[in-house]
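Q: build me a model:
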Amino acid sequence: MPRIVQRTEQALERYLPAADIEPATLHEAMRYATLGGGKRLRALLCHAAGELVGAELDTLDGAASAIEMIHAYSLVHDDLPAMDNDLLRRGLPTVHVRYGEAMAILVGDGLQAQAFAVIGELPATAAQKVALLKELASASSSQGMVGGQAIDLASVGLVLAREQLERMHRLKTGAVLRASIFMGAHAGPSTMSPELHAALDQYQRAVGLAFQVVDDILDVTTDAATLGKTPGKDAQDNKPTYVSLLGLDASRALAEELGERARIALLPLGERAAHLLGLADAVVHRIR
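A: All right, here's what the predicted structure looks like:
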């Protein structure tokens with residue numbers, strides 16, 4: 001879906017403060033963290049789900065931009081020395097390397113606030129905006145991404161049971177992916193049907209977990225040039241992963257199984273879910 005990626009880049013350009021607006025360095029760094037890179041998976045999921053409910057493209061552009069800003073903020077903070085201490089992101093120096101640690105903290109803060117401001121500006125009804133804000137806030141909260149990050153930090157050096165590892169990743173990674181899908185579905189002109197909600201919920205559970213399993217595989221099988229960040233960091237930092245828990249072959253098998261679960265979840269939706277199906281396949285087959 002290159003057209004959607006291009007739309008998202010253009011929307012982010014509009015929604016982010018210009019680099020010549022004071023404080024200029026902060027705005028330049030916010031744009032550096034967000035623009036010109038990344039797979040835009042969350043934006044693609046948002047648009048694909050919105051397609052199912054006849055959502056307006058302008059509304060989806062804003063919702064997708066907001067979720068991408070939350071994702072970018074999470075990466076900026078995750079890369080900080082106090083967290084994962086990463087030096088590369090998308091093949092470039094991380095924000096704290098280029099702009100300093102204090103500025104990187106402010107970049108994350110600014111992106112988080114800007115994401116919510118974008119939802120407030122959308123050409124949508126009050127009910128739609130409330131639904132979108134609730135999804136975004138829940139995904140970003142201590143019961144979502146931030147909670148998962150806290151569990152991740154507390155788990156360094158520990159051996160987690162499979163259920164504990166899954167819970168951590170459903171919060172840290174899966175919550176924002178889930179919000180991407182449900183924000184797209186909430187952007188439609190009418191209330192989501194129970195059948196659609198159930199199908200999307202099963203789909204997001206499979207895709208969200210598959211994304212993390214594949215990330216763990218790539219961390220031990222891919223070089224920095226391909227990965228866009230430092231490989232082997234999880235093992236170096238003594239973090240629990242699916243590969244450390246299950247082994248490489250079993251992790252690959254799990255990723256394939258999760259891809260099949262995503263496909264089954266979408267069966268009731270028929271051909272109109274083709275884009276969501278393609279995205280699930282793209283997530284799983286990054287390992288090939």
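Q: for the closest residue to Val159 other than its chain neighbours, what are its contacts?
A: Closest residue to Val159 apart from its sequence neighbours, by C-beta to C-beta, 6 or more residues apart in numbering: Pro240 at 6.5 Å. Quick note: C-beta positions are derived from backbone N, CA and C, even for glycine. By C-beta atoms under 8 Å, 6 or more residues apart in numbering, Pro240 lies in contact with 155, 158-160, 165.
Q: mind checking the SS state of Pro240?
A: Under DSSP: H, G, I helix; E, B strand; the rest coil, the three-state class of Pro240 is coil.
Q: roughly how far apart are it and Ala210?
A: Going from Pro240 to Ala210 by C-beta to C-beta, to the nearest Å gives 18 Å.
Q: could I get the full set of helices for the stretch 151-288 of the chain?
A: Under the criterion DSSP state H, counting those that start in this stretch, the stretch 151-288 of the chain carries helices at the ranges 162-172, 174-186, 194-221, 224-227, 233-236, 242-246, 248-266, 274-284.
Q: which other helices and strands does the fifth one contact?
A: Applying 3 or more C-beta pairs under 8 Å, 6 or more residues apart in numbering; DSSP states H and E, one finds that helix 233-236 contacts helix 194-221, helix 242-246.
Q: winner for burial among the helices of the stretch 151-288 of the chain?
A: helix 174-186 (a mean of 27; mean count of other C-beta atoms under 10 Å).
Q: what is it packed up against?
A: Counting by 3+ C-beta pairs under 8 Å, 6+ apart, helix 174-186 packs on helix 41-52, helix 57-78, helix 126-140, helix 145-154, helix 194-221.
Q: I'd like those laid out as JSON lines, including distance to His275.
A: Putting the helices and strands packed on helix 174-186 into JSON lines (distance: least, C-beta to C-beta, whole Å) gives the following:
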{"stretch": "helix 41-52", "distance to His275": "4"}
{"stretch": "helix 57-78", "distance to His275": "12"}
{"stretch": "helix 126-140", "distance to His275": "20"}
{"stretch": "helix 145-154", "distance to His275": "24"}
{"stretch": "helix 194-221", "distance to His275": "12"}
